[in-house]
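dropping the sequence and predicted coords here.
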Number of protein chains: 2
Amino acid sequence: MFSLAIDAMGGDRAPDIVVAGLDLAAERHPGARFLLIGDETRLTVLLARHKRAARVCTVLHTDDMISNDTKPTAALRMRRSSMRLAVDAVAGGQASGIVSAGNTGALLALAKIIVKTLPGIDRPAMAAISPSARGDVIMLDLGANVLCDARNLVQFAVMGDVFARTVLGLPAPTIGLLNVGSEDTKGDDTLRSAAETLRMSHLAAQFHGFVEGHDIAAGTTDVIVTDGFTGNVALKTGEGALKLIGQLLRQVFSSGIASRIAYLLARPGLDRLREWLDPRRYNGAVMLGLAGVVVKSHGGTDALGFAHAVDVAMDMVEHRFNDRIREGLGKITGLEAQLAGGNAALRNTNEAGTEDGPGFGSASPLATAG
Amino acid sequence: MFSLAIDAMGGDRAPDIVVAGLDLAAERHPGARFLLIGDETRLTVLLARHKRAARVCTVLHTDDMISNDTKPTAALRMRRSSMRLAVDAVAGGQASGIVSAGNTGALLALAKIIVKTLPGIDRPAMAAISPSARGDVIMLDLGANVLCDARNLVQFAVMGDVFARTVLGLPAPTIGLLNVGSEDTKGDDTLRSAAETLRMSHLAAQFHGFVEGHDIAAGTTDVIVTDGFTGNVALKTGEGALKLIGQLLRQVFSSGIASRIAYLLARPGLDRLREWLDPRRYNGAVMLGLAGVVVKSHGGTDALGFAHAVDVAMDMVEHRFNDRIREGLGKITGLEAQLAGGNAALRNTNEAGTEDGPGFGSASPLATAG
């Protein structure tokens, strides 16, 4: 049994940065075993230069690879691509997870169809870790699902909770639902329904309610739950703002002698800041809700970034991530059954208890979709 | 006829910063006449200290004001609030526009019901200006409409175009539709329909297609069109990221003697950067699509910020903003009539012309909602 199947050929500078990244990862996870899938000739040369990686990798040869332009439908037809063989290894039980820096759409499609979703999960979600004023935060979904219903959002909250416990090591992560205001009456029916369910679930004590865009960087909650459209836009908007400031600061510190001296004097602090915000440290968008660990590294990352993506995958494998998701889902399924059985009684309690909130009646997606 | 009716009592530090802001605005717009509505005793004292403001203001007394906690429904019942009287002045033709730093929800509700929407506009939108790597960009909607259809998005594009011409002075502003990817096939039916319509409209040459979250700070297009949910989250996410960097930079430059000296050396550049990103410079969310100019200043702003909000309103009044919206809408209405009449012919042309895009058939919101 391999810890991870590695798509050696995915990404802008594959397979070089993949093998170099595994060399770093091997030092951090000496017990790991990787199934390295790709062009054997090139991989053998690279492994000869990276002794630590060589000790933990077994090479599986294939000539085929999926490029960044390959459409998901075409990717599904390629039976011997390095990504497909890695996904097959997880589906077949030879490896617990996969890391690929290749085509995101292809990986998502292959993983959904071949690895399959966990029982009880309607749709997988993409999650990532990003920096905030109060430590790392997890946001999901980041684009796997453009449209989401309340049931999807509740499942994302369950997965986000387990992900934050596993990868950030938090004992009881706080959870926020992204909205246009923090008051209970804000947003649409889908959001209000999801909030109602979470308030009655095993996550009630951790659920902070609605949060807004500025709460992401403020770190108001450890987990931010949203639909894939909003999450994708928010993630990229935040990254864009950070990039703009980076460019502007470089201009400030290269304009004239005084500024250049200032840069040298402030450099240790600026370097720490840059390191803390380093996108490589946050590399690895994770596809949650699949019957195996699936981590997508950024295509343009370097060895350090790829090693971070492997770290995330190893954390999930070692902490039996999916077993814990199943436990959380079991509790939500129990709540759903209870709601479907005692809907009238529940509605009465709820209407007595909340003043502003919408009633939790038969219009609830849980009652209709459950 | 007054240029603007000013809600003197709205905002955290009203009426002081309102009168101080008008003093600055009076210098920039010496021909303006303001109807200043609020507590006459307090306003008279303030105007005695601000001579330039006193020359351009006429005071209308009222004891009532809407607080930040007032719900929109309660605000509608208050007939003598300073905000209500300002809105009445616009609806009654005594003033061309209103500026208020008060309760956003109340202002939007009062403006929609009393000032009313422009003929041809289904829903007003909130727009704001923000900084980017390539100059100022305009984004709308920022929260007036949580759910939007394709027809709303097309109307927002028409209004955003005129707003960019009027306030940024651009002869042919480029327009992007916010999505999760730039390919034509990305997003949901609403977005693809709106894009199809814009490609056939008088804005075709300015329409850049889909843009992503990072394009906001990059300034890829001058105008970013999106629904109110996504726009609100994106705006606040970007602001949150900038605020986080500001806090971190302050920490860097206050840690140790070398860093403090560095700050002094780099200060001119850092001050210019701070000034350029200064939220006061971007103060004034504008409610577009109403039969009058309605500008909402941030509640926590100072005199300089309030003066900027007045600037935006004056630009719109002086450039006959609403007349130009009517012209743009006329062209879109013409296109809609043409589409409704020649739907089948149009569908054929379109299917021959585009490979990936969805057909523009009877499922189009324009055909059903038009």
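Perfect, I can see it now. Numbering: from 1, shown residues only, chains lettered A, B, ... in the order given.

from here on, contacts and neighbour counts on C-alpha atoms
Fine.

now the longest helix anywhere in chain A: buried residues?
What stands out as the longest helix in chain A, according to DSSP state H, is helix A:228-253. Under the neighbour-count criterion of 16 or more other Cα atoms under 10 Å in any protein chain shown, helix A:228-253 has A:228-245, A:252-253 buried.

go back to those and keep what's next to chain B.
The subset of these within reach of chain B, counting by Cα under 8 Å from any Cα of the partner chain, consists of A:229-230, A:232-242, A:244-245, A:252-253.

surely A:K112 is in contact with A:L288?
No. The criterion here is Cα atoms under 8 Å, and A:K112 misses it with A:L288 at 10.5 Å.

shared neighbours of the two, anything?
Taking Cα atoms under 8 Å, 6 or more residues apart in numbering or on different chains as the contact rule, A:K112 and A:L288 both touch A:P124.

those two: who's more crowded?
A:L288 (27 against 19; other Cα atoms under 10 Å in any protein chain shown).

shaky segments in the stretch 201-350 of chain A?
A:341-350 (pLDDT under 70).

what does it have sitting close to chain B?
So the stretch 201-350 of chain A meets chain B at A:212-218, A:229-230, A:232-242, A:244-245, A:248-249, A:252-253, A:255, A:258-259, A:261-266, A:269-270, A:273 (Cα under 8 Å from any Cα).

where do the strands sit along the stretch 151-300 of chain A?
With DSSP state E, counting those that start in this stretch as the definition, the stretch 151-300 of chain A shows strands at residue ranges A:175-178, A:207-211, A:223-225, A:285-288, A:293-296.

shouldn't A:R324 be within a helix?
Yes. The assignment for A:R324 by DSSP: H, G, I helix; E, B strand; the rest coil puts it in a helix.

excluding its backbone neighbours, what's nearest it?
Take A:R324 and drop its neighbours on the chain: the residue closest to it by Cα to Cα, 6 or more residues apart in numbering or on different chains is A:V162, 6.6 Å away.

the one you found and A:E327 touch, don't they?
No. Between A:V162 and A:E327 there is no contact under Cα under 8 Å: 9.7 Å.

between the two, tell me which one has more neighbours.
Between A:V162 and A:E327, counting by other Cα under 10 Å, A:V162 is the more crowded of the two (26 against 12).

list the contacts for that one?
A:321, A:324-325, A:328.

distance check, it against B:L329.
Distance from A:V162 to B:L329, counting by Cα to Cα, to the nearest Å: 50 Å.

how about A:A337?
Separation of A:A337 from B:L329 (Cα to Cα) stands at 51 Å.

now A:L264
56 Å.

excluding its backbone neighbours, what's nearest A:R80?
The shortest distance from A:R80 to any non-neighbouring residue, by Cα to Cα, 6+ apart, is to A:D64 (5.9 Å).

neighbours around the one you found, how many?
17.

for A:L35, helix, strand, or coil?
Relying on three-state DSSP, one would call A:L35 strand.

hang on, it packs against A:F2?
Yes. Under the criterion of Cα under 8 Å, A:L35 makes contact with A:F2 at 6.3 Å.

intersection of neighbour lists for the two?
Joint contacts of A:L35 and A:F2 (Cα under 8 Å, 6+ apart) are A:A95.

the two - which one has more neighbours?
Neighbour count, other Cα under 10 Å: between A:L35 and A:F2, A:L35 has more, with 23 against 19.

which one is that one nearest to, not counting chain neighbours?
Per Cα to Cα, 6+ apart, closest to A:L35 is A:A5, 4.6 Å.
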